[in-house]
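>>> What follows is a predicted structure for the sequence shown.
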Amino acid sequence: MVKATWNGKVIAESNETIEIEGNQYFPADSVKKEFLKKSDYHTTCHWKGEASYYDVVVDEEVNKNAAWYYPKPKDGANDTVGKDFTGYVAFWNGVEVE
């Protein structure tokens, strides 16, 4: 079981994560949405496409843009990964994934 925790709370856990470039991507239904707040921040990966971000919020502490996902991966990206990762969520910026 892979878990993502921040500030003492489990944000996500799943046996069905996908590893992409060393990051664990969690299925959307395994992420506790009460800890996520949509962000206006976006980045672009040359092969995965545009990523959208969430702030992770626990006990009123905000970890800005600490979670990201690809709402619509670029054509061919799912084939490269070998699985559809649309909407899967990954974490960084102090969120522990183990």
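On my side now, so go ahead.

>>> who's in contact with the nearest residue to Ser39 once chain neighbours are set aside?
Counting by C-beta to C-beta, 6 or more residues apart in numbering, Tyr53 is the residue found nearest to Ser39 once chain neighbours are left out, at 4.2 Å. Where C-beta positions appear, they are placed from N, C-alpha and C, glycine not excepted. When the contact criterion is C-beta atoms under 8 Å, 6 or more residues apart in numbering, the partners of Tyr53 are 39, 41-43, 65, 67-68.

>>> repeat that with 7 Å
Neighbouring residues of Tyr53 by C-beta atoms under 7 Å, 6 or more residues apart in numbering: 39, 41-42, 65, 67-68.

>>> So what's the gap between the least confident helix or strand in the chain by mean pLDDT and the chain middle?
None of the helices or strands of the chain scores lower by mean pLDDT, DSSP states H and E than helix 77-81, at a mean of 95. On the basis of C-alpha atoms, centre = their mean, to the nearest Å, helix 77-81 is displaced by 17 Å from the centre of the chain it belongs to.

>>> Tell me the buried residues in that helix?
With burial defined by 16 or more other C-beta atoms under 10 Å, the residues of helix 77-81 counted as buried are 77, 81.

>>> Name the next helix or strand downstream of that helix, please.
The first helix or strand that comes after helix 77-81 along the chain, using DSSP states H and E, is strand 89-91.

>>> Distance of Tyr69 relative to Gly8?
With distances taken as C-beta to C-beta, to the nearest Å, Tyr69 is found 23 Å from Gly8.

>>> Compare these two (neighbour count), which wins?
Between Tyr69 and Gly8, counting by other C-beta atoms under 10 Å, Tyr69 is the more crowded of the two (20 against 7).

>>> Tell me the bridge partners for the more buried one.
According to DSSP bridges, Ser52, Val89 are recorded as the beta-bridge partners of Tyr69.

>>> wait, what's in contact with it?
Tyr69 makes contact with 51-52, 87-89, according to C-beta under 7 Å, 6+ apart.

>>> go again using 6 Å as the cut-off
When contacts are counted by C-beta atoms under 6 Å, 6 or more residues apart in numbering, Tyr69 is found next to 52, 87, 89.
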